[in-house]
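Asker: Structural data only, the sequence is not supplied:
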């Protein structure tokens, strides 16, 4: 009987899976086996010091679904032209061959799947990604692709064909089974950085990213788990959240005594963490006298030097408009932290004067709160003009980080200071940013191939030579060569065709960087005069060209590249998991 009991315990643990219980819950669950017939007892949490946390929903629940959901699959990268390989686990080859036969159109001429996989123009790849909290169906995510065979030389210029992604699991057979939660496809981006001798990392052409190439098929659910299950408590939480945040559609649904499903409301679609923070700082009681008392307690606490400003701000915001008269009193407080968080609360609650407070911090180079203030202004959905005007002026700032943060915030508002152009079938985006500051190029490495040019008049200064002879042998990006003599008004471009192995005749290209990027990335079509409108150069190679020309001084600009938002362990293949949540 003892053996059967432990077998049952092991089965239950395996069925639950990692992340199902929190440490306190595990303690209570195991305690019931210490004495026959005993039941787990609730361990009350210590009373919080801050009034911002007392009596809140966050004291009664934990959140399930905050951890990024790792997904994995196998796919085939095509269009490699002799840089692929047929190496890789045999079981993966069989899996891909089976998938290719399953997808083959009826009546279409069939190329044997094994022949395609064995071709040097293709490479089998391992594909990984992370689905964020509360992801909706259709949400796009970045993917990391890694060639499986040692004989593969490079994924540069490759295209990942449709790949099914399933929840991450180490399978002893090498192939993952289970429900498909996302699909992946798109052009491979191989970073051009890291081939320099002084670089801390080395260029690995067999590892790349598909920017925004993962498409979520199954939405991720977020749930509140009651630490002390009670149907009446679950219903109370449901009513409170729907009354406070569900003016358009319900945001909470109590499905059991221990579970409350949460839907992110439309006005928080782009700030899901903020909404979940508000949920955790919302009180169960909502009567007027209680809330007035709570507002006063928070006001007394916010002037304390060791106050938890973030928690107080969220608690005020969770109360709503009735907190505004008290919050406004702190817009001019001597403490900068008190002043900022009061202004942020007011701004989020729709107070235009709150924008002015946050804007003061965004303009202040000496403030440690400058960067969060700039980001916050980008979410000012109401009275956009005051926030947009402040951000527009910051595009000319002397601090590169400030300029980029202001640009990203203005982009959320579709501000007229940014002219956006879609360039090709890869959906490469060019943003031309109106700025009188020093010339700056910003390249995006997440969700979408995107280049921002600060200053529409940025141009090459001949002499120009790309690639530099010293870097030519280290670069997998050698399909384009650019030259211009001193005083030249046009650039001369030669393009090597990987398929035909023929070099194009000299092509003329503009020295203006915006026009040059349009020409490089544009669809390879001819105009009425028979002149090429574009070369269809992949995003990876365009970034390498800009990097090389900025490095040599031919482009008088700073090139800044976004740090990829996929976790570093996806790129370097570590098995570490992210922490669940700070809640």
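Answerer: That came in fine, so what should we check first? Everything numeric in this text was worked out from a predicted model, so none of it was measured. Numbering: from 1, shown residues only.
Asker: Show me where this structure dips below the pLDDT cut-off.
Answerer: Low-confidence segments of the chain (pLDDT under 70): 1-48, 103-110, 168-177, 193-203, 381-385, 425-426, 470-478, 499-500, 530, 564-583.
Asker: Which residue ranges make up each domain of it?
Answerer: 1-43, 69-103+111-216, 222-280, 350-415, 417-574 (automatic domain parsing).
Asker: among those, which is nearest residue 55?
Answerer: Residue 55 sits nearest to domain 222-280 of all the domains of the chain, at 11.3 Å, using Cβ to Cβ. (C-beta placed from N, C-alpha, C; glycine too.)
Asker: so how far does that closest one reach from one end to the other?
Answerer: Length of domain 222-280, first residue to last, Cα to Cα, to the nearest Å: 13 Å.
Asker: List of residues touching stretch 421-436?
Answerer: Here stretch 421-436 makes contact (Cβ atoms under 8 Å, 6 or more residues apart in numbering) with 186-187, 392, 395-396, 403, 407, 411, 417-420, 448-456, 514, 517-518, 521-523, 534, 536, 538-539, 542.
Asker: Give the buried subset of the residues you listed as a ChimeraX selection command.
Answerer: The buried subset of those, as determined by 16 or more other Cβ atoms under 10 Å, is captured in ChimeraX by this line:
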select :186,187,392,395,396,403,407,411,417,418,449,450,451,452,453,454,455,514,517,518,521,522,534,536,538,539,542
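Asker: Please flag which of the contacts of stretch 421-436 sit within helices.
Answerer: 392, 403, 407, 411, 514, 517-518, 521, 539, 542 (DSSP state H).
Asker: Now tabulate the residues you listed in JSON lines and tack on distance to residue 438.
Answerer: Formatted as JSON lines, those follow (distance: Cβ to Cβ, whole Å):
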{"residue": "392", "distance to residue 438": "16"}
{"residue": "403", "distance to residue 438": "9"}
{"residue": "407", "distance to residue 438": "14"}
{"residue": "411", "distance to residue 438": "20"}
{"residue": "514", "distance to residue 438": "16"}
{"residue": "517", "distance to residue 438": "19"}
{"residue": "518", "distance to residue 438": "22"}
{"residue": "521", "distance to residue 438": "24"}
{"residue": "539", "distance to residue 438": "25"}
{"residue": "542", "distance to residue 438": "22"}
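Asker: can you give me the helices in the stretch 301-450 of the chain?
Answerer: 309-319, 324-328, 336-348, 352-363, 370-377, 384-394, 400-412 (DSSP state H, counting those that start in this stretch).
Asker: From the contact counts, what lies against the fifth one?
Answerer: With contacts defined as 3 or more Cβ pairs under 8 Å, 6 or more residues apart in numbering; DSSP states H and E, the packing partners of helix 370-377 are helix 336-348, helix 352-363, helix 384-394, helix 400-412.
Asker: Now do the buried residues in the third one.
Answerer: Residues 384, 386-388, 390-392, 394 are the ones in helix 384-394 that count as buried (16+ other Cβ under 10 Å).
Asker: what does the last one give?
Answerer: Within helix 400-412, the residues scored as buried using 16+ other Cβ under 10 Å are 402-411.
Asker: Would you format those as CSV with distance to residue 432 included?
Answerer: Listed next are the buried residues of helix 400-412 as CSV, based on distance: Cβ to Cβ, whole Å:
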residue, distance to residue 432
402, 19
403, 14
404, 15
405, 18
406, 15
407, 11
408, 15
409, 17
410, 13
411, 12
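Asker: Residue 181 touches residue 167, doesn't it?
Answerer: Yes. Between residue 181 and residue 167 there is a contact under Cβ atoms under 8 Å: 6.2 Å.
Asker: Between these two, tell me which one has more neighbours.
Answerer: Higher neighbour count among residue 181 and residue 167: residue 181, with 20 against 17, using other Cβ atoms under 10 Å.
Asker: just to revisit the earlier point, nearest to residue 310, of the domains of the chain?
Answerer: That would be domain 222-280 among the domains of the chain, by Cβ to Cβ, at 8.4 Å.
Asker: tell me how far the closest one is from the chain's mean position?
Answerer: How far domain 222-280 lies from its chain's middle: 24 Å, per Cα atoms, centre = their mean, to the nearest Å.
Asker: swap in stretch 532-550?
Answerer: Using Cα atoms, centre = their mean, the offset of stretch 532-550 from its chain centre is 24 Å.
Asker: any idea how far residue 489 is from residue 462?
Answerer: Counting by Cβ to Cβ, to the nearest Å, the gap from residue 489 to residue 462 is 9 Å.
Asker: returning to that earlier point: got the helices and strands packed on helix 370-377 as CSV, with distance to residue 136 columns?
Answerer: Formatted as CSV, the helices and strands packed on helix 370-377 follow (distance: least, Cβ to Cβ, whole Å):
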stretch, distance to residue 136
helix 336-348, 23
helix 352-363, 29
helix 384-394, 25
helix 400-412, 18
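Asker: closest to residue 225 out of those?
Answerer: Once those are compared by Cβ to Cβ, helix 336-348 is nearest, at 27.1 Å.
Asker: Show me what that closest one is packed against.
Answerer: With contacts taken as 3+ Cβ pairs under 8 Å, 6+ apart, helix 336-348 sits against helix 288-302, helix 309-319, helix 324-328, helix 352-363, helix 370-377.
Asker: Give the buried residues for it.
Answerer: Buried residues in helix 336-348, counted by 16+ other Cβ under 10 Å: 337-348.
Asker: nearest to residue 263, of these?
Answerer: residue 348 (19.8 Å).
Asker: Counting neighbours, what do you get for the residue lying closest to the closest one once chain neighbours are set aside?
Answerer: In this structure, residue 348 finds its nearest non-sequential neighbour in residue 317, 5.5 Å apart by Cβ to Cβ, 6 or more residues apart in numbering. Neighbour count for residue 317, taken as other Cβ under 10 Å: 22.
Asker: how near is residue 317 to residue 151?
Answerer: According to Cβ to Cβ, residue 317 and residue 151 sit 57 Å apart.
Asker: got it, and residue 86?
Answerer: 7 Å.
Asker: still on that earlier bit, quick check: the residue nearest to residue 348 touching residue 349?
Answerer: Yes. Under the contact definition of Cβ under 8 Å, residue 317 touches residue 349, with a separation of 6.4 Å.
Asker: overlap in contacts of those two?
Answerer: residue 323.
Asker: what's the closest non-adjacent residue to residue 181?
Answerer: residue 218 (4.6 Å).
Asker: sec struct for residue 62, please.
Answerer: strand (DSSP: H, G, I helix; E, B strand; the rest coil).
Asker: Wasn't residue 121 part of a helix?
Answerer: No. Residue 121: not assigned to a helix; according to three-state DSSP it is coil.
Asker: which ones are touching it?
Answerer: 78-82, 84.
Asker: Repeat that for residue 77.
Answerer: 84, 122-125, 145, 147, 155, 158-161, 188.
Asker: Looking at these, which is nearest residue 225?
Answerer: Using Cβ to Cβ, these come closest to residue 225 at residue 145, 35.5 Å.
Asker: Okay, and that closest one sits in which element?
Answerer: Assessed by DSSP states H and E, residue 145 sits inside strand 140-147.
Asker: go on, residue 209?
Answerer: Judged by DSSP H and E, residue 209 forms part of strand 207-216.
Asker: any idea how far residue 63 is from the residue nearest to residue 273 when sequence neighbours are not counted?
Answerer: Leaving aside its sequence neighbours, residue 273 sits nearest to residue 133 (Cβ to Cβ, 6+ apart; 7.2 Å). Counting by Cβ to Cβ, the gap from residue 133 to residue 63 is 9 Å.
Asker: same thing with residue 394?
Answerer: On the measure of Cβ to Cβ, residue 394 and residue 63 end up 35 Å apart.
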